[in-house]
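> Predicted model and sequence below, questions to follow.
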Amino acid sequence: MKAIVTVIGKDQVGIIASICSLLSQHEVNILDISQTVLQEYFTMVMLADLSQCQSSIGELGAKLEQAGQERNLSIRIQREDIFNAMHRI
């Protein structure tokens, strides 16, 4: 299964490293990544492959949310098919 991970918050050192490390610990492979800083705000969208992940998407989402709270970031994960369905015009 593929999923979309989004990250938004004030820019700070180590955001990408910490999120990629957490995903790696759960055997999540990052397929594509786009990030930018808009003035002082960091935004990132990742396409991730969860096929080797032993945790459910709900469990992984809770861990990402907790990591985001620790860094004062909003981190969300959503299944790719649901993300696509929500963003169809």
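Here it is on my side, so go on.
> What sits closest to L73 if chain neighbours are left out?
Nearest residue to L73 in three dimensions, chain neighbours excluded: G9, at 3.5 Å (C-beta to C-beta, 6 or more residues apart in numbering). Quick note: C-beta positions are derived from backbone N, CA and C, even for glycine.
> what's the offset of the helix or strand hosting that neighbour from the middle of its chain?
Using DSSP states H and E, G9 sits in strand 2-10. Mean-position distance between strand 2-10 and its chain equals 4 Å (C-alpha atoms, centre = their mean, to the nearest Å).
> Need the distance between the two termini of stretch 20-33.
End-to-end distance of stretch 20-33 (C-alpha to C-alpha, to the nearest Å): 10 Å.
> averaged over its residues, what pLDDT does it have?
Averaged over stretch 20-33, pLDDT sits at 97.
> Start at 821, not 1
Noted, 821 is the first residue going forward, which turns the last one into stretch 840-853.
> what's the offset of that stretch from the middle of its chain?
That offset, for stretch 840-853, works out to 9 Å (C-alpha atoms, centre = their mean).
> any chance you could map the helices in this structure?
For the chain, applying DSSP state H gives helices covering 835-845, 877-891, 900-906.
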